[in-house]
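A.B. asks: Please work out how this folds:
(one chain, ligands or ions: 2)
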Amino acid sequence: MTEALRIGIAGLGTVGAGVVKILAARGDYLAAACGRPIELVAVSARDKTKDRGIDLGGVRWEDDPMALARADDIDLVAELIGGSEGIARELVEASLKAGKHVVTANKALVAHHGTALARLAEEANVALNYEAAVAGGIPIVKAMREALAGNEIRSIHGILNGTCNYILTEMETTGRDFADVLKDAQELGYAEADPTFDVGGIDAAHKLAILASLAFGTEVDFANVHIEGIEKISATDIAFAREFGFKVKLLAIAEKGDDGIVQRVHPALVPEGTPLAAVSGVYNAVAVDGDRVGHLVLEGRGAGEGPTASAVLSDLVDIARGLVVPPFIVPAAKLKAPAKPLMDAHKSSFYLRLRAVDRAGSMAEITRALAQASVSIERIVQRGEKGRAGGDGSGRLPVVFITHETDEGTMARARAHLAEHEDVAGTPLVIRIEDGELR
Ligand code: NAP
Ligand code: HSE
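C.D. replies: Ligands and ions are numbered 1, 2, ... in the order given. Below is the predicted model:
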């Protein structure tokens with residue numbers, strides 16, 4: 001196999017430009033490693049005049065990315081535009097139908113349409129590879145496809161969004177506020193075009209739905225991911241968590257339950273000293289529990305030009321070497337329909353933070369209300385007097401409860417009850433505590 005793998009790249013932003021740079025810097029090595037060159041034939045983006053810091057001399061520019069799907073001189077289209085619909089979806093579908101391999105970093109697309117796209121790829125006997133779509137530079141898709149094939153996977157616990165982990169880490173270590181740190185993450189090229197996808201937990205949910213499919217052999221089931229973001233987490237929560245011996249992380253968890261697969265993305269308190277608590281900044285981590293391998297944790301940079309482009313290259317190299325496998329390990333026709341377990345059945349301890357009216361007897365009232373709601377309390381901390389740390393001079397004081405294990409439904413009812421309570425200002429914040437051995 002000595003003929004070049006001829007590729008077209010759609011999207012020359014953070015990821016696309018990063019891929020062009022690696023192809024230029026490591027072309028000879030890649031040709032030797034693959035037994036044939038990977039040749040960049042054409043590119044497409046919106047603005048031809050933009051300085052991208054890359055040399056596109058000798059590379060054809062297409063104003064319309066769909067031209068890449070139609071071109072006779074292209075074997076593989078790399079879709080690095082983004083979005084679950086519109087041009088990205090049209091391009092990927094057209095390319096697969098035209099018998100071209102596709103590599104994408106687009107988790108939104110794969111999470112929403114992965115199973116249908118896998119069918120198209122398999123019908124055309126071409127690859128649909130998406131290593132860069134999950135956990136940036138961590139080769140978790142390849143690990144699931146190849147290295148862990150001998151295992152029945154029991155659970156996955158991940159930190160899957162670099163932007164959120166960067167924000168939470170910066171809030172903790174520098175005390176900067178949420179909006180300010182988010183701006184940084186955007187400038188560093190970590191955030192999605194719409195950053196509410198990051199901070200709202202949607203991006204992590206996209207990645208989790210893909211991982212769950214790979215882990216459990218089920219169709220990609222984004223619609224049934226329980227999603228909560230980090231928007232309501234404050235510096236106060238991070239400080240309280242630290243006092244209790246926890247870090248606050250946005251976790252993405254998929255686990256086999258009795259009735260099906262639970263997929264959930266939400267902020268969580270993770271005990272300090274555990275692998276996921278130590279993951280900081282833009283780093284991601286995926287902790288896998290397999291029946292043969294046991295516990296395994298992979299960690300690496302989850303976003304940004306270098307790590308993401310590195311993952312795209314891994315896909316290109318596989319295809320250049322002739323490795324074409326079903327996108328979700330087993331053929332799409334053999335993927336199982338996922339069952340839909342109710343999140344209500346899930347149990348954990350909870351961190352509950354509220355603002356209590358500062359008057360004699362209010363704490364007794366609130367703890368009584370929790371007892372009436374069947375929530376049992378393990379610890380209580382009431383922070384500060386008016387004007388001191390934690391007090392805001394409003395006559396409302398932050399109070400934090402750590403509960404004993406209880407179920408979601410009970411906790412949701414307790415929170416709703418407290419939100420109506422005359423001694424409580426606003427709606428209390430509830431964060432799950434994840435203290436099992438894997439975290
Ligand atoms: P980006 O920097 O915003 O780049 C998007 C590129 O797509 C730009 O070059 C843009 O052209 C081009 N584009 C947009 N609409 C287009 C259209 N209609 N026709 C042709 N080109 C169009 O985004 P990115 O960060 O590289 O992300 C690309 C993909 O990778 C997304 O799916 C994202 O979720 C995924 N991803 C990103 C990261 C990361 O860390 N950034 C990590 C993993 C996965 P112009 O430059 O001319 O505007
Ligand atoms: N916006 C994503 C993140 C990019 O911050 O993790 C990597 O997928």
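A.B. asks: The stretch 101-250 of the chain: strands as residue ranges?
C.D. replies: 101-104, 128-129, 153-159, 225-227, 246-256 (DSSP state E, counting those that start in this stretch).
A.B. asks: how far does the fourth one sit from the chain's center?
C.D. replies: Centre-to-centre, strand 225-227 and its host chain are 12 Å apart (Cα atoms, centre = their mean, to the nearest Å).
A.B. asks: Show the average pLDDT along that strand.
C.D. replies: Taken as a whole, strand 225-227 has an average pLDDT of 96.
A.B. asks: Report the strands that pair with it, each with its relative direction.
C.D. replies: With DSSP bridges as the test, strand 225-227 is paired with strand 261-271 (parallel).
A.B. asks: buried ones in the strand it pairs with?
C.D. replies: Ile261, Val262, Gln263, Arg264, Val265, His266, Pro267, Ala268, Leu269, Val270, Pro271 (16 or more other Cβ atoms under 10 Å). (Each C-beta comes from the backbone N, C-alpha and C, glycine too.)
A.B. asks: tell me which of the residues you listed is nearest to ligand 1?
C.D. replies: Proximity of the buried residues of strand 261-271 to ligand 1 (Cβ to the nearest ligand atom) peaks at Val265, which lies at 16.0 Å.
A.B. asks: Quick one: low-confidence residue ranges for this protein.
C.D. replies: 1, 384-395, 437-439 (pLDDT under 70).
A.B. asks: 80 instead?
C.D. replies: Counting by pLDDT under 80, the chain has low-confidence residues at 1-2, 258-259, 339-342, 344-345, 383-396, 436-439.
A.B. asks: residues from it in reach of ligand 1?
C.D. replies: Residues of the chain lying close to ligand 1 (Cβ under 6 Å from any ligand atom) are 10-16, 44-47, 50, 65, 80-82, 87, 105-107, 132, 136, 189-190, 192-193, 303-304, 308.
A.B. asks: redo that, cut-off 5 Å
C.D. replies: Within reach of ligand 1 by Cβ under 5 Å from any ligand atom, the chain has these residues: 11-15, 45-47, 65, 80-82, 87, 105-106, 303-304, 308.
A.B. asks: Any of these buried? List them.
C.D. replies: 11-15, 45, 65, 80-82, 87, 105-106, 303-304, 308.
A.B. asks: ok, so what distance separates Ala32 from ligand 1?
C.D. replies: 27 Å (Cβ to the nearest ligand atom, to the nearest Å).
A.B. asks: ok, stretch 281-295 near ligand 2 or not?
C.D. replies: No. Counting by Cβ under 5 Å from any ligand atom, ligand 2 is not contacted by stretch 281-295; separation bottoms out at 6.8 Å.
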